[in-house]
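Peer 1: sequence and predicted structure, then a few things I'm wondering about:
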Amino acid sequence: DELVSQIAAGEVVERPASVVRELVDNALDAGSTQIGVRLVAGGVRAILIEDDGGGIEASELPLALKRHATSKIRSLDDLESVTTMGFRGEALAAIASVSELALVSRTPAAGHAQRLDARSGELSPAARAQGTTVEVRELFFSTPARRKFLKSDSTELAHCIEAVRRHALVRPMVGFAVWHEGKLVEQWRASDESQRIKDVLGEEFIDNSRPLEAEIGPIAIRGRVGLPAAARTRSDHQYVYVNGRYVRDRLIAHALRSAYEDVLHGQKQPAYVLFIEIDPARVDVNVHPTKIEVRFRDSGAIHQAVKRAVEDVLAPSGA
Ligand code: ADP
Ligand code: MG
């Protein structure tokens, strides 16, 4: 079972940023309004994620670490309409198999928090307010071959921050803070969507982009699209969300590229943040363990909708 978990971990946990992504997903699913991320050595030595969400009952703590144990869906049918970030019940088990993991959690009803040490299975009383802290230390300590593939601490830190940024853009009402070795390195206060985009991507992106809002058939798209004047805007500002989930999708990326090609003839690297909403039954998020890939039922319609909406913003008729 240890081996199976470690193989599964290979798919979910590639580097500290993958741990950050999964743990922030969990904190969001728990209804948190404040999420703190504390990192040591780019996350390799320690990743602590603290939230103020609903917490985990003491009796449920061991279950949270079990493979394929999820509290989020009850049947396969639920997969068609999944609204939580998690549903596979793999992340905590996978992370625990390649690190020293502890869960500290307190529900609103509990008199105090409980701490579960994953390795020993030991449960002990602990002190903290309502919510959960997941502590992940010495990532890949038992799999030196994996650890060898990690880059410098500063590179791993940058990836961790990027993982939080991806969540922060789509959850403006949640406050986020990231510390590295005790120093606050990023903070995004609870806000609204347009303020959050400004806070995360910078004023320059706002000044050099236009808002997009379109409804095309069953697809709703909103966000901001970078203009050619934004020569200095970082071209790595490319964020696409489908039903609140950050995705890297070749179809959508292609639609965006071809819209920029057609209107701006490649003068400009696309920069954008797009929130796409679509009936969950029309998109499969269970394609890859990390859920970063999706599969659309009607990919042609999606491609066309995105391309048209972006072209309309880049070259507004009558402007
Ligand atoms: P999944 O998110 O797919 O359900 P995970 O392995 O990520 O699977 O988490 C397992 C379970 O642990 C979750 O279903 C949830 O019940 C519980 N859990 C994990 N993290 C938290 C958290 N921060 N707050 C509350 N419950 C949590
Ligand atoms: Mg999860």
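Peer 2: Okay, I see it. Ligands and ions are numbered 1, 2, ... in the order given.

Peer 1: the chain against ligand 1: which residues are in contact?
Peer 2: Contact residues, the chain versus ligand 1 (C-beta under 6 Å from any ligand atom): 22, 26-27, 30, 51, 53-56, 64, 69-72, 86-93, 132. For every residue, glycine as well, the C-beta is placed using N, CA and C.

Peer 1: pull out the buried residues from the residues you listed.
Peer 2: Buried members of the residues of the chain next to ligand 1, counted by 16 or more other C-beta atoms under 10 Å: 22, 26-27, 30, 51, 53-56, 64, 70-71, 86-93, 132.

Peer 1: how far away from the center of its chain is stretch 135-150?
Peer 2: The chain centre lies 21 Å from the centre of stretch 135-150; the measure is C-alpha atoms, centre = their mean, to the nearest Å.

Peer 1: export it as PDB, just CAs?
Peer 2: Written as PDB, here are the backbone C-alpha positions of stretch 135-150 (Å, rounded to 0.1, in the frame of the first residue of the first chain):
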ATOM      1  CA  GLU A 135       2.200  20.600   8.100                       C
ATOM      2  CA  VAL A 136       4.300  19.000   5.400                       C
ATOM      3  CA  ARG A 137       8.000  18.600   6.200                       C
ATOM      4  CA  GLU A 138      11.000  17.100   4.400                       C
ATOM      5  CA  LEU A 139       9.300  16.500   1.100                       C
ATOM      6  CA  PHE A 140      10.800  13.500  -0.800                       C
ATOM      7  CA  PHE A 141      13.000  12.700   2.200                       C
ATOM      8  CA  SER A 142      12.500   9.000   1.600                       C
ATOM      9  CA  THR A 143      12.700   9.300  -2.200                       C
ATOM     10  CA  PRO A 144      16.100  11.000  -2.800                       C
ATOM     11  CA  ALA A 145      15.700  10.300  -6.600                       C
ATOM     12  CA  ARG A 146      12.700  12.600  -6.600                       C
ATOM     13  CA  ARG A 147      14.300  15.200  -4.400                       C
ATOM     14  CA  LYS A 148      17.200  15.400  -6.800                       C
ATOM     15  CA  PHE A 149      14.900  16.800  -9.500                       C
ATOM     16  CA  LEU A 150      14.000  19.800  -7.300                       C
END
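
Peer 1: mind checking which of the buried ones among the residues of the chain next to ligand 1 are in strands?
Peer 2: Of these, the ones assigned to strands by DSSP state E are D51, T132.

Peer 1: R119 and ligand 1, how far apart?
Peer 2: Here R119 is placed at a distance of 17 Å from ligand 1 (C-beta to the nearest ligand atom, to the nearest Å).

Peer 1: kindly apply the preceding question to P125 instead.
Peer 2: With C-beta to the nearest ligand atom as the criterion, P125 and ligand 1 are 18 Å apart.

Peer 1: kindly state the beta-bridge partners for the residue of the stretch 101-250 of the chain found nearest ligand 2.
Peer 2: Closest residue of the stretch 101-250 of the chain to ligand 2, C-beta to the ion: V134 (10.3 Å). Each beta-bridge partner of V134 is listed here, defined by DSSP bridges: I49, L103.

Peer 1: count the residues that sit near it.
Peer 2: 26 (other C-beta atoms under 10 Å).

Peer 1: who are the contact partners of it?
Peer 2: V134 makes contacts with L23, N26, I47, L48, I49, L92, L101, A102, L103, V104, as judged by C-beta atoms under 8 Å, 6 or more residues apart in numbering.

Peer 1: just the buried residues of these.
Peer 2: L23, N26, I47, L48, I49, L92, L101, A102, L103, V104.

Peer 1: of these, which ones also sit close to ligand 2?
Peer 2: Filtering these for proximity to ligand 2 by C-beta under 5 Å from the ion leaves N26.

Peer 1: where do the strands sit along the stretch 201-319 of the chain?
Peer 2: 209-216, 219-226, 238-242, 245-247, 272-277, 283-284, 295-296 (DSSP state E, counting those that start in this stretch).

Peer 1: closest one to L116 among these?
Peer 2: Closest of the strands of the stretch 201-319 of the chain to L116 is strand 245-247, at 28.1 Å (criterion: C-beta to C-beta).

Peer 1: pretty sure V283 sits against Y241.
Peer 2: No - with contact defined as C-beta atoms under 8 Å, V283 and Y241 do not form a contacting pair (11.7 Å).

Peer 1: the more surrounded of the two?
Peer 2: Under the criterion of other C-beta under 10 Å, the comparison of V283 against Y241 puts V283 first, with 21 against 17.

Peer 1: just the buried ones among the residues of the chain next to ligand 1: which are in helices?
Peer 2: E22, N26, A27, A64, A91, L92, A93 (DSSP state H).

Peer 1: stretch 161-175 vs ligand 2: in contact?
Peer 2: No - using C-beta under 5 Å from the ion, stretch 161-175 never reaches ligand 2; the gap is at least 12.5 Å.

Peer 1: helix or strand for L169, which one?
Peer 2: Element membership for L169, per DSSP states H and E: helix 153-170.
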